[in-house]
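J.: Would you be able to build a 3D model of this:
(2 chains)
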Amino acid sequence: MLSVSSQDSTLCSPAFTKMGSNKMELSSQNIDLESDEESPLTLSQSAGAKQSFQFEASHISVPKTKSHVLRKLQHTAFHSVYVVLFKAKINVLLPFGPLAVVLHYVTGRHGWVFFFSLLGITPLAERLGYATEQLSCYTGNTVGGLLNATFGNATEMIISIYALKNGMIRVVQQSLLGSILSNMLLVLGCAFFTGGIVHYPKVQRFNQTAAIVSSGLLLMAVMGILFPAVLHFTHTEVHFGKSELALSRFSSCIMLVAYASYLFFQLKSHANLYDSVEEESENNGVDSDDKDIPEITMWESIAWLTILTLWVSILSGYLVDAIQGASESWNMPVSFISVILLPIVGNAAEHASAIMFAMKDKLDITLGVAIGSSTQISMFVIPFCVVVGWIMGQQMDLNFQLFETATLFITVLVVAFMLQEGTSNYFKGVMLILCYLIVAASFFVHVDKSDDE
Amino acid sequence: MPISPQLLSPSIVVSLFCSSSGRNYTCFSQDSTLCSPAFTKMGSNKMESSSENIDLESDEESPLTLSQSAGAKQSFQFEASHTSVPKPKSHVLRKLHNTAFHSVSVVLFKAKINVLLPFGPLAVVLHYVTGHHGWVFFFSLLGITPLAERLGYATEQLACYTGNTVGGLLNATFGNATEMIISIYALKNGMIRVVQQSLLGSILSNMLLVLGCAFFTGGIVHYPKVQRFNQTAAIVSSGLLLMAVMGILFPAVLHFTHTEVHFGKSELALSRFSSCIMLVAYASYLFFQLKSHADLYDSVEEGRENNGDDSDDEDIPEITMWESITWLTILTLWVSILSGYLVDAIQGASESWNMPVSFISVILLPIVGNAAEHASAIMFAMKDKLDITLGVAIGSSTQISMFVIPFCVVVGWIMGQQMDLNFQLFETATLFITVLVVAFMLQEGTSNYFKGVMLILCYLIVAASFFVHVDKSDDE
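T.: Model prediction:
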C-alpha cells in the first residue's frame, strides 16, 4: 500500500489517509496516457481531476455553491479512479495494454503484441474481480456469490467469445482447458505447498464436503467432455461429425442446469455446509482486511465493471489475433500457448490470492478460489461457450480431442483424490506442482493432427 | 537336491525336515560350543551337510567362500580337538574362520527358502549343457528367488546399524534391487518391452496379488474385527501412484493419437523430462516420509519396508555391519549373473512353453521376484500389523513406479537406448484401472477379507488378459 505524505488531507476519505500530492500528479499523467482508450467519462474525469486539484487547493478560501455539486461529482470520480486504478500494485502493468495496441498498429510484431497484451490484461482481470467483490458488498451474500460465480472468470469468457467469433474453436477449447488445469494443479499446488511450509508441523484442514461436491461436478464435466470425444474417435456416431455436435449442445444445456442447481445448493439450501466460504471472497480477497467496508459506491462499482469489461474486450481482440503469429515467432506449438501461457497470466491474480489465504491458514477460501474457479469454467463457461457458438453459428463442441480429454480426466482424478481426505500438507502441493510441470511438458510437444493436414 | 551318499543319515534327514518348520528348527547338537547363543539349536550333523553344500556351490563363489568352506572343515576338526590343547598361533585365524562360517550359515542356511539356492548354478549348467531355454528360464527363476530374499535380509541387517533414516533410505533404494538388476540387464540387451512389462508386472503383482493375499489372510485370521491401517500413508502413496500413471499416460496417448511435434522423438524427450520430474517427486517423498512428517508414519518407522522376517529379534542384528555389506555385494553379483541367463532365456522359453512374452514378463517374472515380499506381507497381516504390510506392498509399488522406472529411463538415456515411458496403450490402461481400484480400496483405512478377495480376483483377470496379449510389433 502507498505510504506517501499528504499535503492536503481533505482530499482523502478517512480510509485513505496515505494519499499524496506527488501521486496525484503522477496519476493525472497516467490518466492522460490512458485517456485515448477511455470513454468520454474518463476524459472529463482527468480534466476534472486537474480542475479538482486546483479547486481543492483553493477550497478553503471561497465555497462556490453553484459548482459544488459538480465538484463533488468530480471529486468522487477522481477518488474512484484513484482507488480502482492506482491503489493496487499490480496496476503497474496497466500501461502495457495501450502499448500492445500501439505495437499492433506500428510494428505488427505478433510476438510482442501477444506478450504485452497478456501483461496488460493481468491487472484488468484482477481489477474486474475487485469491482465484482465491491459490488457484492452491497448486494448481500447470495447475489454476491452469484456475481462471483458468473463474473469470476469474466476474462476467460471474454477471450473465449472473441476467439469464437474468429472461428478459432481449438483456441477456445484449449485455453479453457488450460485454465482448469492451471487452477487445479498450479494454483492449488502452490497454495498447499506454501501453506504447508508456513504452518509446518500442523496439518491444514479444509471443508471436506465442499471439496467432494466440487470434485463430483468436475467429474461430471469430464463425462460431458469425454463422450463426444470418444464417440467421434471410435467413429460410432449416427451421423459422423454432426451427432457429436448435437450431443455437445445437449450436454451443455444439461451442464448449465447442473451448475444452476449447484449455485442454489451452495448459496441457498446448504449454505451452512460452506461455513468458511460464506463471505464473497470466493474470487479475489486482496482487501480482506476491510472486507465488509466497501471502498467505492455501488454505482461506481457497476460503472467500473462496465469500463473494465470493455477494456478487457478490446485487449482480448488484439491478444487473440496475435496468437498464431506469436506461436510462429516463438517457435512453440499453439497448444502450448493456449493451454499453458494464456491461463497462467489470466489466473495470476487468483493465484496470488489463493497463496495468501493458504498462508493465513484459511484453506477453505483457497479451495473456493482454485477449485471453485475450475468448477465454474468446466460447468459454466465451457457449456456457455458452446451455447454462444450455437447462437453464432460456430461449430463449437465438447469434443476436445483425445489428448486433451485424457489430460483433463487424469488431472481431475489426481486432484479429486488429493482433496477427498480434507487435509493438506506441503508434499501434496509438491505433487500437484510437479504434475503441472509434466502436463506443461506434454503440451510443449503436442500439436493437433489437424494442423498438419 | 543332490546330496552325497554319506550324508543320507537319518539325523540329516530329520534335521532337514525340522528346518522346514521354520527358523527355530530343533536339531541335535553334539557340540554346543560351536554355536553362538542365539543359535544353540545348530547341530553337528547339519554342519557336515552344510560343508558339503558349501563345496557344491564353491564353483560359483569367490575365493573367500572357498577358504570359508576349507576353513569350515578345518574349524570342525579344530573344534573337535578344541578341548585338548589351545593353540594361540592359529587362534585369530580360527576365529576368522569361525565368524565367516557362522556368517555363511546364518545368511545362506538358516532360511528355509534357501533350499532353492542350488537351482541357480543348475540353471547355468543347463544353459551350457543343453540350451533348453525353457528349463534354463525356470531354474534361473527358482535360483533368483532365495537370492532376492537374502538380499532383502542383508539390507535389513545393515539397516539395524545405520538407524531409521538411512535404513529407510536403504530399503527404499535396494528394496527392489532384483527388479533393477534384471531391468538393467534387459536394457543392455535392448529388450525395452521386457523392461517395461516386467516393471509393470511387478507393480501389478505388488498392488493386487500381494496386497490381496495379505488382506485376505489377515481378514480370515482376525475374523470378527476389521483391521485398520494408517490412512495418510496410504493416500500419499496412492497419490504418488496416480502421478506415476500420469507420467506414463501422456507419452502413450501422445504417441497413439499421432499428435507429437516430431513423431517418435517428442515422446522420448517428454519421457526423459517426466522421468526427471518423477525422480524429484520420489526424493521429496523420501524426505517427507523419513524426515519431516515421520510422525505420520508411526507404525512403519523401523526399516521394515521390505522384508521383516526377523521381527522377533528385529533390533538384534544377526551379522556384523561389514558382513552385511559383504553379503550385499556377493548376493548382488550372484543375482546379476543369474539375471543374465534369465533374460537371455526369455524368448526361448516363450517359444517352448507356447506363451506370449508379455505373459512371462508381466506375470511370471514378478511373481518369483516378489515371492519373499509376498510371504512377509502375509505374515505381517496375520500378526495384525497392516501398516508394515502396506509398507511392503504399496511401498514397493510406489518405489518401482516412481524410482525404478524413471531410473531405467535415465539409465537408458545414458546407455543410448530408446527406453521411454510409452508403455503402449494396453499396459497403460491396465496400470490406470489397477491404480484406481487399489487407491479406492485403500482410501478408507480399513481392510477385510472381501477386499482381499476382490484384489486377488482382479489380479486373475489381469493375468488372463496378458495371457492373450501380444505386442503389435511382434507380428510385423
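J.: which residues touch the residue in the stretch 101-250 of chain A that chain B sits nearest to?
T.: Relative to chain B, the nearest point of the stretch 101-250 of chain A is A:Tyr200 (7.7 Å; Cβ to the nearest Cβ). Just so you know, the C-beta spots here come from the backbone N, C-alpha and C atoms, and that holds for glycine as well. Each residue near A:Tyr200 by Cβ atoms under 8 Å, 6 or more residues apart in numbering or on different chains is listed here: A:426, B:292.
J.: my read is it is in a helix, agree?
T.: No - under the criterion used here (DSSP: H, G, I helix; E, B strand; the rest coil), A:Tyr200 is coil, not part of a helix.
J.: Would you mind measuring from the residue of chain A found nearest chain B to B:Asn206?
T.: For chain A, the residue closest to chain B is A:Val445, as judged by Cβ to the nearest Cβ, at 3.7 Å. From A:Val445 over to B:Asn206 the distance is 31 Å, taken as Cβ to Cβ, to the nearest Å.
J.: Could you pick out the residues of chain A near chain B for me?
T.: A:200, A:333, A:401-403, A:406-407, A:410-411, A:413-414, A:417-418, A:420-421, A:423, A:425-428, A:430-431, A:434-435, A:437-439, A:441-442, A:444-449 (Cβ under 8 Å from any Cβ of the partner chain).
J.: of those, buried ones?
T.: Neighbour counting with 16 or more other Cβ atoms under 10 Å in any protein chain shown marks A:333, A:401-403, A:406-407, A:410-411, A:413-414, A:417-418, A:421, A:423, A:425-428, A:430-431, A:434-435, A:437-439, A:441-442, A:444-448 as buried within the residues of chain A next to chain B.
J.: So which of these are in helices?
T.: Using DSSP state H, the members of these that fall in helices are A:402-403, A:406-407, A:410-411, A:413-414, A:417-418, A:426-428, A:430-431, A:434-435, A:437-439, A:441-442, A:444.
J.: Now do the same contact list for A:Leu408.
T.: A:Leu408 touches A:177, A:180-181, A:222, A:225, A:400, counting by Cβ under 8 Å, 6+ apart.
J.: Sorry, wrong one. I was asking about A:Phe114.
T.: With contact set as Cβ under 8 Å, 6+ apart, A:Phe114 has these partners: A:319, A:322-323, A:325-326, A:337.
J.: how about 10 Å then?
T.: Contact partners of A:Phe114, counting by Cβ atoms under 10 Å, 6 or more residues apart in numbering or on different chains, are A:100, A:103-104, A:318-327, A:329-330, A:337, A:341-342.
J.: thought A:Pro343 was touching A:Thr122?
T.: No - the pair A:Pro343 / A:Thr122 is not scored as a contact, 11.6 Å apart, by Cβ atoms under 10 Å.
J.: Who has more neighbours out of those two?
T.: A:Pro343 (27 against 23; other Cβ atoms under 10 Å in any protein chain shown).
J.: Which elements pack onto the strand or helix carrying the more buried one?
T.: Here A:Pro343 sits within helix A:342-346, counting by DSSP states H and E. Helix A:342-346 makes packing contacts with helix A:110-151, helix A:154-165, helix A:169-181, helix A:298-330, helix A:348-359 when contacts are defined by 3 or more Cβ pairs under 10 Å, 6 or more residues apart in numbering or on different chains; DSSP states H and E.
J.: again, only this time at 6 Å
T.: helix A:110-151, helix A:169-181 (3 or more Cβ pairs under 6 Å, 6 or more residues apart in numbering or on different chains; DSSP states H and E).
J.: Where among these is average confidence lowest?
T.: When the helices and strands packed on helix A:342-346 are compared by mean pLDDT, helix A:110-151 comes last with a mean of 78.
J.: quick one: that one to helix A:298-330, angle?
T.: 140 degrees (axes from the mean of the first three to the mean of the last three Cα atoms, to 10 degrees).
J.: Compute the inter-axis angle for helix A:110-151 and helix A:154-165.
T.: Here helix A:110-151 runs at an angle of 120 degrees relative to helix A:154-165 (the same axes, to 10 degrees).
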